[in-house]
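Visitor: could you look at this predicted model? Sequence included:
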Amino acid sequence: MSDITMNPLDDASADPFAIAAEAAADIARLSGVERHDIALTLGSGWGRAAELLGETIATIPATDITGFTRPALDGHVGTVRSIRARDGRHVLVIGARTHYYEGYGVRRVVHSVRTAAATGASIMVLTNGAGGIKPTWQPGQPVLISDHINLTADSPLEGANFVDLTDLYSPRLREIARSVDSSLDEGVYCQFRGPHYESPAEVQMARIIGGHIVGMSTALEAIAAREAGMEILGFSLITNLAAGIQKTPLSHEEVIEAGRQAEPVISDLLARVIEAL
Ligand code: 8IG
């Protein structure tokens, strides 16, 4: 599926779960790994974690997997990797996130999560780069997601499918993460549509309604992962303080630089948490 104009998920009459099953079969065929145990989506700043997890069995261009979307930005194609952890478990590492703001619709946004579930993964680890609202947080700090507020006004669920979201971000998995690093703070993640950052007034709104983290991914993916019956662990790397919380304007370069600096530390943390799951 190399042509962005042709994606089977865009056919409204197609079954997104059947397409995810096809994608999982592509991954099994291209990696030689029949089933995966844990799936991990890598957001900004988290990219190096995969190498620390174990042996890379296969690196698959996302465009070779049914239903995956070619990234709109930069020329480079995202990849999906199959990694064998030291304890023998198979980890599916998704380095090809499709964001809601790309405008392809929510089916494409959650396709990687549904595919991960179809490969057999029972745990979905979602990571992202995000803005921080808590005044005690510093750029470069990783935090756990304790809950979310979905401000996209959209859902990955179709039809009368009333999925419960209590304890969406697994208290059990958060406890394990804190056993690896007791200094991990946590907060409520607000998913905005983007791609513009929030106005300072919107950041204040997010704070007042109970948010601590602002981002452009993860909440819709977590809903799809819950629908699929997976246990979910969420991490945000605070790459910047949210607009108006920090004194200076937000820039994409600043965000990339904070991610680059934090990468060794958070990658090591993530690898140790996954080992402990
Ligand atoms: I990295 O401050 C990153 N992603 N919505 N706001 C939103 N998304 C982000 C931010 C931010 N920083």
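Guide: Sure, I can see it.
Visitor: got the residues of the stretch 51-200 of the chain near the ligand?
Guide: By CB under 6 Å from any ligand atom, the residues of the stretch 51-200 of the chain that approach the ligand are 129-131, 192, 194, 197-198. C-beta here means a position set from N, CA and C on the backbone, and glycine is covered the same way.
Visitor: which of the residues you listed has the most neighbours?
Guide: Ala130 (30 neighbours; other CB atoms under 10 Å).
Visitor: does it count as helix, strand or coil?
Guide: strand (DSSP: H, G, I helix; E, B strand; the rest coil).
Visitor: how close does the residue of the stretch 51-200 of the chain found nearest the ligand get to Pro249?
Guide: Proximity of the stretch 51-200 of the chain to the ligand (CB to the nearest ligand atom) peaks at Gly131, 2.3 Å away. As for Gly131, its distance to Pro249 is 12 Å (criterion: CB to CB, to the nearest Å).
Visitor: SS state for Ile57?
Guide: strand.
Visitor: neighbours of it, how many?
Guide: Per other CB under 10 Å, the neighbour tally for Ile57 reads 14.
Visitor: so who does it touch?
Guide: Applying CB atoms under 8 Å, 6 or more residues apart in numbering to Ile57 gives the contacts 31-33, 81-84, 90.
Visitor: what's the pLDDT at it?
Guide: On the pLDDT scale, Ile57 is placed at 96.
Visitor: what residues does the nearest residue to it once chain neighbours are set aside make contact with?
Guide: Excluding its sequence neighbours, the residue lying closest to Ile57 (CB to CB, 6 or more residues apart in numbering) is Ser82, at 4.5 Å. If you count contacts by CB under 8 Å, 6+ apart, Ser82 has them with 27, 31, 33, 36, 56-58, 60, 90-93.
Visitor: same list (those residues) but as a markdown table, adding secondary structure.
Guide: Below are those laid out as a markdown table (three-state DSSP):
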| residue | secondary structure |
| --- | --- |
| Ile27 | helix |
| Ser31 | helix |
| Val33 | coil |
| His36 | coil |
| Thr56 | strand |
| Ile57 | strand |
| Ala58 | strand |
| Ile60 | strand |
| His90 | strand |
| Val91 | strand |
| Leu92 | strand |
| Val93 | strand |
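Visitor: put the buried members of these into a ChimeraX selection.
Guide: Only the buried entries of the contacts of Ser82 go into this ChimeraX selection, using 16 or more other CB atoms under 10 Å:
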select :27,31,33,36,60,90,91,92,93
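Visitor: distance to Ala224 for the contacts of Ser82 - can I get that in JSON lines?
Guide: Compiled in JSON lines, those are given as follows (distance: CB to CB, whole Å):
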{"residue": "Ile27", "distance to Ala224": "17"}
{"residue": "Ser31", "distance to Ala224": "22"}
{"residue": "Val33", "distance to Ala224": "22"}
{"residue": "His36", "distance to Ala224": "17"}
{"residue": "Thr56", "distance to Ala224": "26"}
{"residue": "Ile57", "distance to Ala224": "25"}
{"residue": "Ala58", "distance to Ala224": "24"}
{"residue": "Ile60", "distance to Ala224": "21"}
{"residue": "His90", "distance to Ala224": "21"}
{"residue": "Val91", "distance to Ala224": "19"}
{"residue": "Leu92", "distance to Ala224": "15"}
{"residue": "Val93", "distance to Ala224": "18"}
